[in-house]
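> make a model of this:
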Amino acid sequence: MTSKMSAHKKTLLSSYIPNPKERKNIVFSLIITVFLLLIALFLISINQHQLMMQEYKHYKGFLKQFGSISRIVYFVVLSIYPVFLLLKWKRLKTIEWGKYQLKSFIQFLGKLMRKWHVPLAIVSTGIALLHGYLAIIRGFKWDFTNISGIFAIIILFFLLLMGLKRFKRKDKNWHFKLAITFLVLFMLHASF
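Okay, the predicted model is just below:
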């Protein structure tokens with residue numbers, strides 16, 4: 001009887017993310033992101049006429065603000081890789097600053113990065129989707145910037161899916177490979 005109940009209680013997300021505390025943080029950040037996106041879409045819809053009447057230069061500046069916020073948060077999210085790479089460095093424990101070992105600070109930073117990696121990635125994805133929506137409603141052009149943005153969003157979708165598999169280490173390192181690809185694409189998108 002108990003095994004039947006536990007089998008029914010197992011949700012889709014729990015099969016990917018075994019840690020309940022982590023799962024709760026992810027669900028909470030997902031709910032907050034969806035809620036903020038819905039508010040943003042509502043505000044855009046009631047102010048769409050004003051947005052469309054703005055001079056293109058000002059609208060583009062408004063649009064780029066969302067892209068810049070998303071880019072900054074993605075850099076924070078991506079910084080987990082150099083932090084954990086640094087933790088693998090054997091000489092790290094020999095580096096001291098006064099009484100403090102650098103390794104203990106990097107370990108603290110690693111725990112912090114691990115805790116906030118997924119929630120910040122979800123929030124930043126919501127901001128990136130809002131940025132893309134604002135770009136599309138004003139008039140989409142088939143130029144390098146927009147095409148690289150589309151490819152970045154497609155890679156981001158697969159990156160998020162592989163992130164789910166990463167929790168159980170079943171991604172065969174695709175999460176990391178897609179993260180690097182996404183980094184290159186969104187930097188190209190932001191630069192041109």
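> for the chain, which spans come out with low pLDDT?
1-10 (pLDDT under 70).
> what ranges do the helices span in it?
Applying DSSP state H to the chain gives helices spanning 2-9, 12-16, 20-46, 48-53, 56-78, 80-87, 102-137, 144-166, 174-191.
> residues contacting the residue nearest the centre of the chain?
Compute the mean C-alpha point of the chain, and by Cα atoms, centre = their mean the closest residue is residue 121, 2.1 Å away. Applying Cβ atoms under 8 Å, 6 or more residues apart in numbering to residue 121 gives the contacts 74, 77, 160, 163. Backbone N, C-alpha and C define where each C-beta goes, glycine included.
> so the nearest residue to the last one once chain neighbours are set aside versus residue 117, what's the distance?
When you say that, I think you mean residue 163. Leaving aside its chain neighbours, residue 163 sits nearest to residue 175 (5.5 Å; criterion: Cβ to Cβ, 6 or more residues apart in numbering). Applying Cβ to Cβ, to the nearest Å, the value for residue 175 to residue 117 is 11 Å.
> isn't residue 127 up against residue 68?
No. The criterion here is Cβ atoms under 8 Å, and residue 127 misses it with residue 68 at 9.6 Å.
> chain center to stretch 36-52, what's the gap?
Remark: stretch 36-52 is offset 23 Å from the chain centroid, using Cα atoms, centre = their mean, to the nearest Å.
> what comes up buried for it?
Using 16 or more other Cβ atoms under 10 Å as the test for burial, stretch 36-52 gives 37, 40, 51.
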